[in-house]
Structures are given as structure tokens and as C-alpha cells.
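Peer 1: sharing a model prediction with you, sequence too.
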Amino acid sequence: MAKPGYGKRSAPGQQPRTRDDFALLPTRERYVAGFVDHLPDGAAMSVKQLAKQLPLYGQQAIGTALKALSVAGHLRRVRCSVGAGDETRWVFRTFWSRTARDNEWWNTYLATEDATRATASTAPPQAPASPSLAAPAEAPASTAVPLQRTPPEAAPDTTPATAPAASASPAGPAAPPALTALAAPPAAPSPAYLALAELGRKDIRLALSADDCAALEPQAAAWFDRGVDADYLIAALTAGLPAQVDCPPRFVRRRLADKIPPHRPAGHSSPGTSTPAPSPARRLLVECTDCGRPGQPEALSDGLCRPCRAAHSESRQATSPDPAEIAAVKAHMANLRDLLKAP
């Protein structure tokens, strides 16, 4: 069985297994396809593992056969995201279909598989039912008890006895009253104060004291009221500084007044600058059967990336000669035989 390797996953909607399933494939591809088709789900389908199980072919031949099966529409290799949070990792799967499928079918199926995995990853886990919320078990039937011959004893008097009156004792010294109010904790510094205090760390020429930060805090707070953050404020105040700043508080006060940004109403977004909604992270990526490059299903036609698909097309054209060329070679060989027969 596959651990994190190319584990087999059977695609749905396959036709029943027959003896002529892969009759149109070449001998090597038909041999590999028949072996893979009989593997159980979860079996390792890496080139190395298949080469160990198929002694007739080596790893290079198995890789070429799998590439041909991918082009024929029998398999797709994918990377699946497993886990959640910090435990997320990518594992490899090979979807197999005994029935040859075209690119549109594989794209639709893999998109559905990706959506299913994304939905399963975002669904909150159901908490186990609490024992206290479970339906109460039916009480066992009471067993009949025979009547007792002896009369039952009288029930003891359950009336509580009256507590004796507390003896009047002289009152002790009065306890000091409890403190009703605690000292309030010091208020946390505002974002404007923290941004001003950070100026000296960003550039020593704008180092401010605590009193300077407190005095300039209202002006900096006006920047935050206009929708900017601390990074924007610090970048605006530290940009283009002169070689020497004689009085940092006065310099910062002047820049806070001169560079104050325009006021933008809440919820306003300029046309063309609105941030698009982030697309959900893909939980499944198709990878090239030949080189393993990941991508979306639409970009990997026949399960191959563009360079591998071009190389595969060139090799097919090179290995399948034109019938006219075959006829010309046969005629040339026949002519050579006739010349050899001549005296």
C-alpha cells in the first residue's frame, strides 16, 4: 500500500472489466494498464514501485508507458492537501479509469474532487454527543416486594430543632470597612503614541521623548481617524529626511500638519482599486505525468505540461512514419534485390 506515494484512486463510472479493455494500446502499455487496473485502491503507483512488480520493463519504460496511458485518458496524477492548520502536507495520488476519458471529463471530475475536499476542510468538526445530553435510559421494571410481617418503625422526627438563642455577648471591636474600589490599571498607550515612539527606532534623527510623544499624540491620532495605519504614518514622517534634524519634536509637528492625508469616508472604495475577494486555496493540484510539474487541470491537457506535450508529439511523429515513405522503402529494397539477381 502507498504511504505518501502515488496511491491509486479509482475514478467513478467505469465500465465493467472485459478482456478487450486495452486492446487498442501497444503491447507495453497494454501490459502495464492491465496490471494497474487489477491493483486495489491505495496501492503504490510510482514508477519505481511498478518497475519492481513488472520485471519485463525498467523504470524508464514504465514512465513512458504511464505517460502514454495519461495521453490515452486512463490516468491523472495529482497532489492532494491533507490535514489542517500547521499540520497540512501534500501527498500524491493517481486517479485511474479503466474507461478512457477525454480532457473535459477529467477537468470536471478533478474540479468536483477539489471542491469536495475544500468543503470537507472548512466544515467544522462535529463534537461528540455529551453523555449528559444523551437520552435517558429506560428505568428497569421494579420488582414486586412482598409485604413485611413486622410493622415498620416509626419515622424519626424530621422537624429541625430550634437553635438556642445566641447569648448576648459584648460586641467586639468593629472591623475596618472593605475597600470598595481598587486602583484602576494604567491605560494602554494608543496606536498614535506607539507610532510616534517607533520613529526613533526607525530613524535616530526623529527620536522623541515620552513628553514629546504625549504632546504630539492628538495630531497623530488625526491621521488614524482618516484611515491610515502605523506603517503609513511612520513611512510618511521618515521619508526624505534632511541630513540633520535640529529639533525632532518641532520637525515632526510640522510634518504631521503638512502631510496629513485626505479624509476618506468609511466603506469608500475607488473604482479599479477594490481588493478582489481572495479565491479559496486549492486542495488538489494536477501534476504532469512526465516531469511532475503541478498546475490546474485546464493547463495540463492529456495530463502533460506544454513542454512535455510538445516533446511527446514530436516523438510520436518521429516513430510513426508516413505510409508513402514505407512504400518507397519497400520499392527501393525490391529494386536492390532485382539488381542482385542480375548476372
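Peer 2: Looks like it came in fine. Numbering: from 1, shown residues only.

Peer 1: helix or strand for residue 95, which one?
Peer 2: In the assignment (DSSP states H and E), residue 95 maps to strand 89-96.

Peer 1: adjacent strands (with direction) for that strand?
Peer 2: Using DSSP bridges, the strands paired with strand 89-96 are strand 7-10 (parallel), strand 75-82 (antiparallel).

Peer 1: and these: which comes nearest residue 89?
Peer 2: Of all those, it is strand 75-82 that lies closest to residue 89, at 5.8 Å by CB to CB. For every residue, glycine as well, the C-beta is placed using N, CA and C.

Peer 1: tell me the buried residues in the strand holding residue 95?
Peer 2: For strand 89-96, a neighbour-count test (16 or more other CB atoms under 10 Å) marks 91, 92, 93, 94, 95, 96 as buried.

Peer 1: state the mean pLDDT of it.
Peer 2: Mean pLDDT, computed over strand 89-96, is 84.

Peer 1: so where is the chain shaky, pLDDT-wise?
Peer 2: Under the criterion pLDDT under 70, the flagged ranges of the chain are 1-6, 83-88, 117-118, 120-186, 264-283, 315-322.

Peer 1: quick one, helices of it?
Peer 2: Taking DSSP state H to define them, one finds helices in the chain at 27-37, 47-53, 59-71, 103-122, 191-202, 210-225, 230-238, 248-258, 306-319, 323-341.

Peer 1: pretty sure residue 94 contacts residue 76?
Peer 2: Yes - applying CB atoms under 8 Å, one finds residue 94 in contact with residue 76, separated by 7.4 Å.

Peer 1: sorry, back to before: as TSV, the buried residues of strand 89-96 with distance to residue 210 would be great.
Peer 2: Formatted as TSV, the buried residues of strand 89-96 follow (distance: CB to CB, whole Å):
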residue	distance to residue 210
91	55
92	58
93	60
94	65
95	65
96	70
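
Peer 1: coming back round to it: among the strands paired with strand 89-96, which is the most enclosed?
Peer 2: Of the strands paired with strand 89-96, the one with the most neighbours on average (mean count of other CB atoms under 10 Å) is strand 75-82, at a mean of 20.

Peer 1: between that strand and helix 103-122, how many degrees?
Peer 2: In terms of direction (axes from the mean of the first three to the mean of the last three CA atoms, to 10 degrees), strand 75-82 departs from helix 103-122 by 10 degrees.

Peer 1: now the angle between helix 27-37 and strand 75-82, please.
Peer 2: 40 degrees.

Peer 1: and strand 75-82, C-alpha only, in CSV?
Peer 2: Taking Å, rounded to 0.1, in the frame of the first residue of the first chain, the C-alpha atoms of strand 75-82 are listed here in CSV:
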residue,chain,number,x,y,z
LEU,A,75,-5.0,8.3,-15.5
ARG,A,76,-4.2,11.6,-14.0
ARG,A,77,-1.6,12.3,-11.3
VAL,A,78,-2.5,14.9,-8.6
ARG,A,79,-1.2,16.4,-5.4
CYS,A,80,-3.7,16.5,-2.5
SER,A,81,-3.5,18.7,0.6
VAL,A,82,-4.0,16.6,3.7
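
Peer 1: and that strand with helix 59-71, angle?
Peer 2: Orientation check (the same axes, to 10 degrees): strand 75-82 against helix 59-71 gives 90 degrees.

Peer 1: between the buried residues of strand 89-96, which is closest to residue 292?
Peer 2: Set against residue 292, the nearest of the buried residues of strand 89-96 by CB to CB is residue 92 (8.9 Å).

Peer 1: just checking, that closest one touches residue 9?
Peer 2: No - counting by CB under 8 Å, residue 92 stays clear of residue 9, with 10.6 Å between them.

Peer 1: which residues are in contact with both of those two?
Peer 2: When contacts are counted by CB atoms under 8 Å, 6 or more residues apart in numbering, residue 92 and residue 9 have no shared neighbour.

Peer 1: how many neighbours does residue 334 have?
Peer 2: 10 (other CB atoms under 10 Å).

Peer 1: and the nearest residue in space to residue 210 that is not next to it in sequence, how far from residue 259?
Peer 2: The shortest distance from residue 210 to any non-neighbouring residue, by CB to CB, 6 or more residues apart in numbering, is to residue 197 (8.0 Å). According to CB to CB, to the nearest Å, residue 197 and residue 259 sit 19 Å apart.

Peer 1: which one of these two has more residues nearby?
Peer 2: Using other CB under 10 Å, the more surrounded residue of residue 197 and residue 259 is residue 197, with 17 against 12.

Peer 1: hang on, the earlier thing: want to try JSON lines for the strands paired with strand 89-96, with distance to residue 247 as columns?
Peer 2: Shown next, in JSON lines, are the strands paired with strand 89-96 (distance: least, CB to CB, whole Å):
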{"stretch": "strand 7-10", "distance to residue 247": "70"}
{"stretch": "strand 75-82", "distance to residue 247": "56"}
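
Peer 1: if we compare those strands, which one ends up closest to residue 329?
Peer 2: Taking these one by one with CB to CB, strand 75-82 is closest: 36.1 Å.

Peer 1: what sits against the closest residue to residue 295 other than its chain neighbours?
Peer 2: Once flanking residues are discounted, residue 295 sits nearest to residue 286: 6.2 Å by CB to CB, 6+ apart. Neighbour list for residue 286: 76, 77, 78, 79, 110, 294, 295, 296, 297, 300, 303 [criterion: CB under 8 Å, 6+ apart].
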